[in-house]
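Participant: only geometry, no sequence info:
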């Protein structure tokens with residue numbers, strides 16, 4: 001399958017068919033001529049309520065309104081429908097929508113139907129069963145979530161997977177080193193040595209430095225054992241041999 005030419009490339013922010021291209025889709029053209037209220041209600045039903053098909057209640061309301069307003073109710077709905085196409089990404093101003101609606105009311109309805117079909121929002125209808133597809137134009141699947149009418153669009157947010165993170169970060173080239181106990185005089189192991197880059201965790205009963213009167217950093221009242229090989233002095237005998 002050959003890629004579409006530049007002339008038939010999909011236009012994301014404008015209509016991909018012209019206003020007077022009604023004969024390209026005979027189904028929507030015939031339905032618009034026979035019952036324009038049905039097609040307009042189907043378009044608004046799909047765009048606002050996300051439901052395919054004709055809305056009979058809206059058809060009856062527009063028909064009753066036109067009896068008193070001489071057709072202005074239908075014209076207003078068609079122009080408003082063109083402005084609501086911003087939900088699908090089409091940026092059309094107020095003046096442009098009203099001018100095209102005033103120029104040819106049926107052509108404006110047919111153009112909106114073709115564009116909704118191209119953008120995968122087929123509105124359906126009484127006489128239309130298949131969506132219109134323009135040769136060489138392939139619209140991407142919409143990844144948008146619509147809110148209420150007139151509120152615009154909000155892009156979907158996909159949650160990112162949470163990755164487990166280590167509690168402590170190490171620089172490249174550094175390896176975990178065991179804690180070495182510092183040997184005190186007399187063969188007694190006292191406080192652990194402080195490693196580079198690691199905090200010193202103190203426990204209750206330990207001192208960073210020896211308190212006054214206690215050399216060696218021992219707690220109050222602690223007597224270190226004698227060194228290895230130490231022999232206590234023998235008591236001396238007096239002249240009487242005692």
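Facilitator: Thanks, I have the structure now. Given the structure is predicted, the values throughout are model-derived calculations rather than measurements. Numbering: from 1, shown residues only.

Participant: show me the strands in the protein, by range?
Facilitator: 144-146, 153-155, 181-184, 188-192 (DSSP state E).

Participant: pLDDT averaged over the first one - what is it?
Facilitator: It stands for strand 144-146. Averaged across strand 144-146, pLDDT comes to 47.

Participant: and what of the longest one?
Facilitator: Looking at strand 188-192 alone, the average pLDDT works out to 52.

Participant: hmm, residue 92 is touching residue 84, no?
Facilitator: No: counting by CB atoms under 8 Å, residue 92 sits too far from residue 84 to count as a contact (9.8 Å). Quick note: C-beta positions are derived from backbone N, CA and C, even for glycine.

Participant: higher neighbour count, the two?
Facilitator: More crowded of residue 92 and residue 84, by other CB atoms under 10 Å: residue 84, with 20 against 16.

Participant: distance check, that one against residue 140.
Facilitator: For residue 84, the distance to residue 140 equals 21 Å [CB to CB, to the nearest Å].

Participant: which stretches in this protein count as helices?
Facilitator: 26-34, 36-49, 56-69, 72-83, 94-103, 105-118 (DSSP state H).

Participant: out of those helices, nearest to residue 229?
Facilitator: Of all these, the one in closest proximity to residue 229, counting by CB to CB, is helix 36-49 (97.2 Å).

Participant: and the contacts of that closest one?
Facilitator: 28, 31-32, 51-56, 58-59, 62-63, 74, 77-78, 81, 84-85, 87-88, 105-106, 109, 112-113, 116, 121-126, 128, 149 (CB atoms under 8 Å, 6 or more residues apart in numbering).

Participant: now stretch 17-25: average pLDDT?
Facilitator: On average, stretch 17-25 scores 90.

Participant: name the residues of that stretch that are buried.
Facilitator: 17, 21, 22, 25 (16 or more other CB atoms under 10 Å).

Participant: ditto for stretch 108-125
Facilitator: Buried, per 16+ other CB under 10 Å, within stretch 108-125: 108-119, 121-125.

Participant: now stretch 39-59
Facilitator: 39-48, 54-55, 58-59.
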